[in-house]
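J.: A structural model of the following input is requested.
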Amino acid sequence: MSELNEHITIPKNVASGNDLDYAFLRQKGQEYIEKLARNIWTDYNEHDPGITILEMLSYAITDLGARIAMPLENILTPSGSGSLNDQFFDAKQILPSKPVTEADYRKLFIDIEGVKNCWLAKYEKIVHVDCKNDLLSYDPIEFDELDKQEKKQFIINGLHKIIVDYDERVLKKAEDEDEKKVAIDESIIKTYHSNRNLCEDLVEVEEVKTHPIQVCASIELNPEVDEEKVHAQVLRTIDAYFSPKLWFYSLQQMFEKGYSSDQIFEGPVLEHGFIDPEELENARLRKEIRLSDIVQIIMKIDGVKLIKDISINDCSNLEEEKDVWLVCVEEGKKPVRCDLSAFSYFKDVLPINVNSKKVKENIAQLEAEEEDRQELSALDKEIPVPDGEYLGTGENTTIQNDFPETYGIGAVGLNSRASVARKAQAKQLKAYLLFFDQIFATYFAHLDNVKDLLSVDNSLTSSYFTQAVKDIKGFADLVEDYPKTNDELLTKKLLADLDDNIQRKNQLLDHLLARFAEKFSQYSFLMKQLYGNYAGQAVVDAKQTFLSEYGEIVKVKNGVKEIENKGISNWRGSAFNYFEQNPADIWDTKNVAGAQKRIARLCGVQDFRRRDLSGSFAEIYELEDADEKTVYRWRIRNEEGEAVLSATVNYNAPRFAREEMYQSIVKVVETDPEVIEEGFQLTISDEAEVGNFEIQKAESGKYSFDVINLNADPDSTDRIIARQFLYYDTQEELEQVILELIQFLRNEIEEEGMYIVEHILLRPDVTSEEGLKDQFMSVCTDNCESCQPIDPYSYRVTVVLPGWTYRFGNMDFRNFMEDLIRRELPAHVLARICWIGEPRGWVDDDKNDMVQFEKEYKDFLLSKTKSGQKQVKTKLKKLIKSLEQLNSIYPEGRLIDCDDEEDSLEGRIILGRTNIGNL
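T.: Just a heads-up that it's a prediction; the model follows:
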């Protein structure tokens with residue numbers, strides 16, 4: 001009975017190697033010949049011309065196989081001055097991440113000069129709850145009059161304090177130790193805020209408190225050792241046991257320790273090398289000091305023969321009894337040797353005097369050696385990208401010149417006295433072999449373009465390639481209209497019908513995305529539903545942008561490192577830096593949460609910056625018609641303020657104008673620019689249709705255009721849905737304007753974006769001793785019974801999106817976005833999602849949720865960046881009020897008419913499938 005293999009695997013190497021085996025290829029070819037033509041072909045010896053052709057083809061296949069088997073770095077190396085660095089993210093760009101865990105933050109801060117060690121601790125601030133009146137306060141006295149069951153309390157989570165153990169060597173070099181500590185603290189604070197996690201914040205930095213420990217020992221040394229050097233080592237060893245020193249290692253040293261590359265680069269990138277994670281874990285604040293541990297580490301020192309006597313004690317609470325084997329260390333304190341510690345040394349029975357000056361010199365020498373070792377560790381931090389050599393993998397020549405001269409098809413050709421029939425036979429064979437030559441030329445061309453096909457910045461206009469067959473004598477007699485000097489034109493002639501460039505690009509990008517366990521499948525489906533023919537190109541653009549920004553890119557400018565791209569992978573859990581920023585880094589800025597950028601790239605939002613979203617190129621305005629009724633129209637202006645597209649009819653309500661405006665935009669952007677270029681190659685007549693445009697030619701000879709809905713009845717008013725009320729003298733001008741309009745609506749109109757508001761930043765000052773009852777957010781307590789969670793600050797965000805845009809107004813896309821937001825935010829972060837507002841000018845500003853929210857949010861951030869833990873009361877209260885008054889907008893709907901069999905589902909309210917809101 002066979003056993004079921006539960007573990008299904010895909011072999012890493014699936015190559016058979018048969019493409020390099022000439023004998024195998026010849027044998028396989030002969031088997032095919034026997035199978036297909038055994039009734040008329042019986043001679044398979046080497047002299048047979050058919051077998052000679054088979055041998056030549058087999059050899060050509062081994063040549064192709066040999067090039068495919070070349071080192072990958074050679075295949076991917078571009079010609080000219082390019083290198084593999086342009087093709088790949090290196091290890092330092094793609095493997096690390098911004099700090100997430102406590103260990104990550106400790107590494108980051110220990111990398112700062114002057115920090116020997118540090119620890120993160122929770123900053124606890126109790127918030128008291130009045131369940132009767134739904135109020136919060138830091139001061140419990142304010143709710144003293146309430147009954148016990150009407151009160152609750154909680155601690156705001158996500159707040160930290162950093163406990164620092166300063167490096168004494170750095171402090172001693174400073175002119176003023178206190179000033180140096182302040183400078184180190186400021187560096188820690190800035191570093192934290194540059195790497196802050198979403199929904200977390202730093203409240204304070206404090207120096208670690210010490211717990212003094214007495215160590216007394218009587219030690220016998222070997223006769224030949226230097227007692228001052230041994231004593232220096234004893235002191236440093238005990239100090240390292242009390243408070244371990246963390247070392248930086250080079251990349252090679254980490255490999256020698258047994259770590260793999262992904263383990264080495266886990267966490268943040270450090271300036272001074274790598275920290276061993278096991279050593280970091282062991283360097284936590286000790287909770288107890290054991291005498292047996294001290295005995296063990298002293299005995300490991302070279303020159304120590306034996307320990308005659310040793311004892312430890314708590315200097316802050318000296319025990320009367322002499323035999324103390326264990327001293328407990330107070331929580332959050334660092335053990336240190338106190339001044340009561342004493343050491344004596346012997347060689348045999350003779351006591352030895354230790355020169356304290358020489359001991360200090362030895363300690364200084366040991367420290368200098370350590371500093372030299374640390375400097376070396378910073379020099380080896382990167383895994384080099386392999387150096388490839390461009391070998392011209394695509395170069396190809398005909399196989400015909402490899403045939404024996406007797407065939408008369410090579411460079412020498414036939415004898416001039418050959419008969420006409422013989423020359424005709426030679427040409428027939430050359431033409432027959434040209435079929436195989438072109439196939440080989442195509443394969444080699446593909447191999448040469450692999451580096452471009454698999455590149456993130458794939459600007460190729462086709463995904464199939466070929467090249468002209470070279471070195472055939474008398475080529476012009478074999479084929480007509482063959483572009484020997486234009487491979488691009490030849491590719492179009494031979495392969496254009498096979499090349500669905502957009503689909504194949506999508507497949508190649510899906511392959512690259514899968515390597516990072518990413519996918520765009522649902523997004524692609526929705527885009528097809530929304531944008532029709534343009535969806536493929538839009539999805540390609542989104543995938544390419546996503547992949548190009550996946551890793552962190554750092555550039556050095558004037559000796560200063562600047563982050564040019566915050567990697568979508570590295571920064572996915574990070575928050576934005578609000579601490580002491582310039583106004584330019586607060587608004588109209590890429591200084592946003594990592595999740596905000598990642599979500600934007602996953603749903604194709606081109607501009608993820610924090611900026612005004614209420615501004616719009618689109619305008620819906622009201623006017624009076626001939627019957628003095630208020631009607632509405634729309635128009636779209638370009639950056640110069642010119643109306644580039646306008647409505648053709650009046651609408652009874654703004655939403656009808658909005659719907660047709662977005663329909664017009666879709667019709668423009670889904671038009672392929674190549675269709676426009678091909679259409680204008682001929683003379684354009686009046687009312688000619690080119691893509692989704694209808695060209696108008698006036699009696700004056702000038703040109704204009706309308707945007708049309710090809711699905712509408714040609715005689716219906718629904719056919720022409722938009723118009724540009726400008727005229728142009730020539731077809732060339734009109735063609736250029738249409739192409740510019742397509743480009744403008746595809747890339748320049750950016751109404752979409754989002755705000756992620758962290759509630760942790762809206763907390764009243766936690767360092768205040770006052771209750772600050774009037775500065776808290778509103779809460780729902782339900783008399784402390786069922787409304788949970790009461791805490792409105794811990795790991796809570798509000799995501800604000802413009803609900804009026806074409807995609808964001810579509811309920812299917814909204815469902816996709818809400819699911820995407822919840823999947824991409826850290827699992828412990830709870831989101832409230834709001835689809836709000838109208839563009840500026842569509843309604844009065846004082847009634848526009850988006851305009852009001854943007855103003856209050858911007859004012860709050862500009863005040864917050866300067867105030868630290870404190871809050872500007874007026875700014876905070878206005879933002880909270882605006883945030884709590886946001887109203888999500890939803891499409892209008894109605895119930896299905898059960899008596900009308902022709903009633904469609906569009907816009908209908910369906911039980912179990914219609915959302916009425918989102919908290």
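J.: where does pLDDT dip in the stretch 301-450 of the chain?
T.: 318-323 (pLDDT under 70).
J.: and the closest residue to Ser97 other than its chain neighbours, helix, strand or coil?
T.: Distances taken as CB to CB, 6 or more residues apart in numbering place Asn570 nearest to Ser97, at 5.1 Å, with adjacent residues excluded. In this view, the C-beta of every residue, glycine as well, is placed from N, C-alpha and C. Three-state assignment for Asn570 (DSSP: H, G, I helix; E, B strand; the rest coil): coil.
J.: Cys118 in helix, strand or coil?
T.: Cys118 is classified as strand under three-state DSSP.
J.: show me the strands in the stretch 251-400 of the chain, by range?
T.: Along the stretch 251-400 of the chain, the segments classed as strands by DSSP state E, counting those that start in this stretch run 274-275, 288-290, 304-314, 326-328, 333-337, 342-347, 350-352.
J.: returning to that earlier point: burial check on the residue nearest to Ser97, number of neighbours?
T.: Applying other CB atoms under 10 Å, we find 22 residues neighbouring Asn570.
J.: from what I can see it touches Glu552, true?
T.: Yes. Counting by CB atoms under 8 Å, Asn570 touches Glu552, with 4.7 Å between them.
J.: scan the protein for its longest strand.
T.: As assigned by DSSP state E, the longest strand anywhere in the chain is strand 209-221.
J.: tell me what angle it forms with strand 342-347.
T.: 20 degrees (axes from the mean of the first three to the mean of the last three CA atoms, to 10 degrees).
J.: and strand 209-221 with strand 333-337, angle?
T.: Strand 209-221 and strand 333-337 are oriented at 30 degrees to each other (the same axes, to 10 degrees).
J.: picking up where we left off before, ok, so what distance separates the residue nearest to Ser97 from Lys557?
T.: Asn570 sits 20 Å away from Lys557, going by CB to CB, to the nearest Å.
J.: do the same with Ile880
T.: Distance, Ile880 to Lys557, by CB to CB: 40 Å.
J.: likewise for Asp165?
T.: From Asp165 to Lys557 the distance is 34 Å (CB to CB).
J.: one step back: of Ile880 and Lys557, which one has the most company?
T.: Ranked by neighbour count (other CB under 10 Å), Ile880 and Lys557 place Ile880 first, with 19 against 8.
J.: circling back to that earlier point, strands paired with the longest strand of the chain, and their directions?
T.: Taking DSSP bridges as the criterion, strand 209-221 sits next to strand 304-314 (antiparallel), strand 333-337 (parallel), strand 342-347 (parallel) in its sheet.
J.: which parts of the last one are buried?
T.: Which is strand 342-347. Phe343, Tyr345, Phe346 (16 or more other CB atoms under 10 Å).
J.: what's downstream of the helix ranked longest in the chain, the next helix or strand?
T.: Assignment by DSSP state H gives helix 420-448 as the longest helix of the chain. As assigned by DSSP states H and E, the chain's next helix or strand after helix 420-448 is helix 450-453.
J.: and that next one, what does it pack against?
T.: helix 72-76 (3 or more CB pairs under 8 Å, 6 or more residues apart in numbering; DSSP states H and E).
J.: mind listing what's buried in the helix it packs on?
T.: Glu73, Asn74, Ile75, Leu76.
J.: where in the chain is pLDDT low?
T.: 1-7, 81-82, 318-323, 458, 781-787, 892-919.
J.: ok, the closest residue to Phe436 other than its chain neighbours - contacts?
T.: Using CB to CB, 6+ apart and skipping the chain neighbours, the partner closest in space to Phe436 is Leu57 (6.1 Å). By CB atoms under 8 Å, 6 or more residues apart in numbering, Leu57 lies in contact with Leu25, Gly29, Ile399, Phe436.
J.: would you mind measuring from Val675 to Gln681?
T.: Between Val675 and Gln681 the computed distance is 11 Å (CB to CB).
J.: looking at the two now, which is surrounded by more residues?
T.: The neighbour comparison of Val675 against Gln681 (other CB under 10 Å) goes to Val675, with 15 against 8.
J.: and what about the more buried one, helix, strand or coil?
T.: helix.
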